[in-house]
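*Asks:* quick check, what structure comes out for this input:
(chains A, B, C, D, E and F)
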There are 4 protein chains.
Amino acid sequence: MTSAPRTALKARKRPVQSRSRVTVDAIFEATIQVLLRDGMSALTTTRVAERAGVSVGTMYQYFPNKQALVYALNERFLDTLAGRIEATCGRMKGAPLPEMVDALINTYWTAKTERAEVTRALYRSVAELDNDELMHAFAARADAATTAMFTSAENGAVEDVDALNLTLASVIYGTVRNAFERGLTQEEASVLRRNLTEMCRAYIGALYA
Amino acid sequence: MTSAPRTALKARKRPVQSRSRVTVDAIFEATIQVLLRDGMSALTTTRVAERAGVSVGTMYQYFPNKQALVYALNERFLDTLAGRIEATCGRMKGAPLPEMVDALINTYWTAKTERAEVTRALYRSVAELDNDELMHAFAARADAATTAMFTSAENGAVEDVDALNLTLASVIYGTVRNAFERGLTQEEASVLRRNLTEMCRAYIGALYA
Amino acid sequence: MTSAPRTALKARKRPVQSRSRVTVDAIFEATIQVLLRDGMSALTTTRVAERAGVSVGTMYQYFPNKQALVYALNERFLDTLAGRIEATCGRMKGAPLPEMVDALINTYWTAKTERAEVTRALYRSVAELDNDELMHAFAARADAATTAMFTSAENGAVEDVDALNLTLASVIYGTVRNAFERGLTQEEASVLRRNLTEMCRAYIGALYA
Amino acid sequence: MTSAPRTALKARKRPVQSRSRVTVDAIFEATIQVLLRDGMSALTTTRVAERAGVSVGTMYQYFPNKQALVYALNERFLDTLAGRIEATCGRMKGAPLPEMVDALINTYWTAKTERAEVTRALYRSVAELDNDELMHAFAARADAATTAMFTSAENGAVEDVDALNLTLASVIYGTVRNAFERGLTQEEASVLRRNLTEMCRAYIGALYA
DNA sequence: GATGAATGAGGGTTCATTCAT
DNA sequence: AATGAATGAACCCTCATTCAT
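*Replies:* You can find the predicted model right below:
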């Protein structure tokens, strides 16, 4: 996640002092607020600064330009998410494959659902960005973690871990995102979540039948 | 798909005459070109008109504003896509469930892959829009078609068609999109595609074991 | 009134044929409608043509440009008004001065009040124009008529007809216009009208006391 | 005068600091210049900003839109004018009625004549606006002042002050405006001014004869 | 370090006018 | 003669970014 973005998008300073940290957090939070309330097209530097309670000038001390701000915000979220996935994968090392899948779905689904609106806002904000780098960095980290986990599966080595990983990751991440975009009801969501788990388990079962 | 969008987004005139039709198509194509080359943030009315070989004024004769243009473009693509899905579903009526799933994945995957870059461009362009209406209209049409298809499955009635439909639709559409965003290699893509099919089949198999 | 305006403002053709006459009238009426409904800033050639039931092209056959249209419209109204004043002045020739004044106020006030909204709309529309020419032409015609009338006053020659004329014309026309702009109630209007007459009579009385 | 205009027309910031004050004044002056030189239809935001020596952006920091600028300009002038009328009325309290009228005509006429061209430009600029609010606010203030003055007239209470006020105000303001629109010569103007005074005095005389 | 007024390029949009049909 | 689609200059306005204080 901390892999080098285009120089233009790099944050200007690492907020080492606690005061800076507070400021940056306020800016991030303000960005999310504006995104939620008014949408991407109303995300102006002035408005963010205002809501964050700082001046535009100050904002530019921490982020070289608007894109960098949005970029950093998404980076932060993906960092957190990757961290959670890593934690889950660490915890599940050596467990049976089906349980791994359950855990992975749980982690991802929960992470996205906790602040559903924020997730949605971020999905939108990232569309303008040079997305790929961000996604790749996240994918790389997450894939490393899940691959390591799958490799450690209890009942012997998986034949083609990379293929398994690619498949499960794509299906899980993709399905969860799609669930968001469809705006499912609570009930539909829980049906889908259960069935997604079933499906993954069935696939794994079929692989080793 | 042709369900009423917010008035503000409605196209101004239906291009009935062939000359108009050509113009509108040129504008659509130009929009895609710009989206591909320069991204959403560079999609200006002037640039689109220029590339389409018409004046801005002409563009505004057909679209009341920029958003409406992007909206109409997406609408057109989703319309086509929904049409293809309906065709497939029609053709597969009464077939065995696994073959239905194969056909559905094929149709969707192919449709998205044919002009992969365009698909990617549209995914981005739609993020700024009032997405929901568009998605819902598409979902409604596609769901109706697939549900009808699943209901007609050869070997007896599916127990809960709606749940099955929700699951398969979410997984398939979601996975395909995720595949795009990850920017998979040709090979990875074909592995994923095969495995997605396997997974759906395994799920269906498990349901009726 | 028919004095030469700047060439640019001249109407393109005199509508001699009855068909043309109808068209021009429709355009004039449409212009007023739009002015009334939507105000000067919404007075577009397209809208006027639309409401008149003709094409823009046709409109341009009769008026070389938009300004000419507004100009002609005002000219027509001022022409009519001048005609009415001339009629009154003709009728009152040789009458006693106070009765002349009564008649003049009556004529002017009535003319403006009959279609009060139209009057108001025209007042506004003319502000954009090169007003002066129009006003001068009207003033010249009206002044000629009133001066002739005052000269013929029953009880002997007025000492300085031009001064009297200037005074009465300015006071009467000015007061009536001001009444419009203040948006007086029915009652206030009639009080004002009565008092204006009183005042003019008092002035005349004082002159010859 | 400072009564609430439609929100859309409100000035954005009150120029409290002296620098801002200078800027705003420059913008006002520039607006007048442009109005004088090129007329209302050439009054573009760019042109005004240019002549004022500021950027368009700066202009928009003080005025939310072009209309608001014109509105504020007229408001300022009417404010000043109302202030002058109030001053005169205050000074003339308890004086004989004819002197009051003299003073009122003097004040109004002088105010309008001092910068005659500006007055003319403003008369035109206001036609596009939602005039009424502005006029009413002015009228209310001016009427209050004159009514109070007339009430205090030396030789006993006027019978119907409101009617007197309505009459004198309408006649005076209307006549002065009409004088402008006719574009009188210096000499004609002074004749008219004298006669207007005579007329008002004659009217008052007749009232209390 | 922080501020926020000033900047001005550039965006979306309108509409008077033309001219091929 | 009539049409109305096409034109494109010009308008109003926004907002990322800078820099004097």
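*Asks:* burial count for residue A:166?
*Replies:* Using other Cβ atoms under 10 Å in any protein chain shown, residue A:166 has 22 other residues around it. Any C-beta I mention is one placed from the backbone N, CA and C, and that applies to glycine too.
*Asks:* buried set for the helix-or-strand element of chain A with minimal mean pLDDT?
*Replies:* In chain A, no helix or strand scores lower on mean pLDDT, DSSP states H and E than helix A:116-126, which sits at a mean of 87. Neighbour counts over helix A:116-126 (16 or more other Cβ atoms under 10 Å in any protein chain shown) mark A:118, A:119, A:120, A:121, A:122, A:123, A:124, A:125, A:126 as buried.
*Asks:* same check on stretch A:169-183?
*Replies:* A:169-182.
*Asks:* let's see which of those residues end up in helices.
*Replies:* Residues of the buried residues of stretch A:169-183 located in helices (DSSP state H): A:169-182.
*Asks:* returning to what we had before: tell me the helix or strand right after the least confident helix or strand of chain A.
*Replies:* helix A:131-151 (DSSP states H and E).
*Asks:* is chain B within reach of that following helix?
*Replies:* Yes - Helix A:131-151 reaches chain B (Cβ under 8 Å from any Cβ of the partner chain) through A:131, A:132, A:135, A:136, A:139.
*Asks:* report the two of these separated the most.
*Replies:* With distance counted by Cβ to Cβ, no two of those lie farther apart than A:131 and A:139, which are 11.6 Å apart.
*Asks:* those two: which is more packed in?
*Replies:* Ranked by neighbour count (other Cβ under 10 Å), residue A:131 and residue A:139 place residue A:139 first, with 20 against 17.
*Asks:* mind checking how far the closest residue to that one other than its chain neighbours is from residue D:27?
*Replies:* Spatial nearest neighbour of residue A:139, chain neighbours left out: residue B:182 (6.0 Å); criterion: Cβ to Cβ, 6 or more residues apart in numbering or on different chains. As for residue B:182, its distance to residue D:27 is 54 Å (criterion: Cβ to Cβ, to the nearest Å).
*Asks:* gap between the two ends of stretch A:144-164?
*Replies:* End-to-end distance for stretch A:144-164: 13 Å, by Cα to Cα, to the nearest Å.
*Asks:* contacts for it?
*Replies:* A:82, A:85-86, A:89-90, A:92-97, A:100, A:104, A:165, A:168-169, A:207-208, B:191, B:195 (Cβ atoms under 8 Å, 6 or more residues apart in numbering or on different chains).
*Asks:* domain-wise, how is chain A divided?
*Replies:* Here the domain parsing of chain A from automatic domain parsing is A:7-67, A:74-207.
*Asks:* got a markdown table for the ones you listed, with distance to residue C:34 too?
*Replies:* Converted to a markdown table, these look like this (distance: least, Cβ to Cβ, whole Å):
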| stretch | distance to residue C:34 |
| --- | --- |
| domain A:7-67 | 34 |
| domain A:74-207 | 42 |
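*Asks:* highest mean neighbour count out of the ones you listed?
*Replies:* domain A:74-207 (a mean of 18; mean count of other Cβ atoms under 10 Å in any protein chain shown).
*Asks:* endpoint to endpoint, that domain covers what distance?
*Replies:* Terminal-residue distance, domain A:74-207 (Cα to Cα): 36 Å.
*Asks:* also stretch A:41-54?
*Replies:* When the termini of stretch A:41-54 are compared using Cα to Cα, they are 21 Å apart.
*Asks:* flag the shaky bits of chain A, pLDDT-wise.
*Replies:* Counting by pLDDT under 70, chain A contains low-confidence ranges at A:1-18, A:156-157, A:209.
*Asks:* close to chain D: what parts of it are there?
*Replies:* Counting by Cβ under 8 Å from any Cβ, no residue of chain A is near chain D.
*Asks:* would you map the strands across chain A?
*Replies:* Read by DSSP state E, chain A holds no strands at all.
*Asks:* right, is the longest helix along it up against DNA strand F?
*Replies:* Using DSSP H, we find that the single longest helix of chain A is helix A:66-91. Yes - using Cβ under 7 Å from any atom of the strand, we find that helix A:66-91 touches DNA strand F at A:66, A:67.
*Asks:* my guess is residue A:33 contacts residue A:50, does it?
*Replies:* No - if you go by Cβ atoms under 8 Å, residue A:33 and residue A:50 don't touch, sitting 10.7 Å apart.
*Asks:* quick check, the least confident helix or strand of chain A touching DNA strand F?
*Replies:* No - on the criterion Cβ under 7 Å from any atom of the strand, helix A:116-126 is out of touch with DNA strand F, staying 12.3 Å away.
*Asks:* who are the packing partners of that helix?
*Replies:* The contact analysis (3 or more Cβ pairs under 8 Å, 6 or more residues apart in numbering or on different chains; DSSP states H and E) places helix A:116-126 against helix A:18-38, helix A:66-91, helix A:161-182.
*Asks:* now distance to DNA strand E too, for those helices, in TSV please.
*Replies:* Output for these, formatted as TSV (distance: least, Cβ to the nearest atom of the strand, whole Å):
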stretch	distance to DNA strand E
helix A:18-38	6
helix A:66-91	13
helix A:161-182	25
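*Asks:* quick check: residues of chain A near DNA strand F?
*Replies:* Counting by Cβ under 7 Å from any atom of the strand, chain A comes close to DNA strand F at A:41, A:42, A:43, A:44, A:45, A:46, A:56, A:57, A:60, A:65, A:66, A:67.
*Asks:* out of the residues you listed, who's nearest chain D?
*Replies:* residue A:46 (11.5 Å; Cβ to the nearest Cβ).
*Asks:* for that closest one, give me its contacts.
*Replies:* By Cβ under 8 Å, 6+ apart, the neighbours of residue A:46 are residue A:56.
*Asks:* do the one 3 residues further on as well
*Replies:* With Cβ under 8 Å, 6+ apart as the criterion, the residues that contact residue A:49 are A:27, A:30, A:55, A:56, A:58, A:59.
*Asks:* and the gap between the residue nearest in space to the middle of chain A and residue A:43?
*Replies:* Nearest to the geometric centre of chain A sits residue A:78, at 3.7 Å (Cα atoms, centre = their mean). For residue A:78, the distance to residue A:43 equals 19 Å [Cβ to Cβ].
*Asks:* would you confirm that residue A:129 contacts residue A:72?
*Replies:* No - counting by Cβ under 8 Å, residue A:129 sits too far from residue A:72 to count as a contact (10.7 Å).
*Asks:* what residues does chain A put near chain B?
*Replies:* Residues of chain A lying close to chain B (Cβ under 8 Å from any Cβ) are A:40-41, A:123-124, A:127-128, A:131-132, A:135-136, A:139, A:163, A:166-167, A:170-171, A:173-179, A:181-184, A:188, A:191-192, A:195-196, A:198-203, A:205-206.
*Asks:* quick one: contacts for the closest residue to residue A:28 other than its chain neighbours?
*Replies:* Residue nearest to residue A:28 in three dimensions, not counting chain neighbours: residue A:73, with 5.5 Å by Cβ to Cβ, 6+ apart. Going by Cβ under 8 Å, 6+ apart, residue A:73 touches A:28, A:31, A:32, A:122, A:125.
*Asks:* tell me how far the first one lies from chain B.
*Replies:* To chain B, residue A:28 is 20 Å away according to Cβ to the nearest Cβ, to the nearest Å.
*Asks:* is it true that that residue touches residue A:74?
*Replies:* No - counting by Cβ under 8 Å, residue A:28 stays clear of residue A:74, with 10.4 Å between them.
*Asks:* for residue A:95, phi and psi?
*Replies:* phi -80, psi 170 (degrees, to the nearest 10).
*Asks:* separation between it and chain B?
*Replies:* With the distance defined as Cβ to the nearest Cβ, residue A:95 ends up 21 Å from chain B.
*Asks:* from memory residue A:122 sits against residue A:77, does it?
*Replies:* Yes - using Cβ under 8 Å, residue A:122 is in contact with residue A:77, at 5.9 Å.
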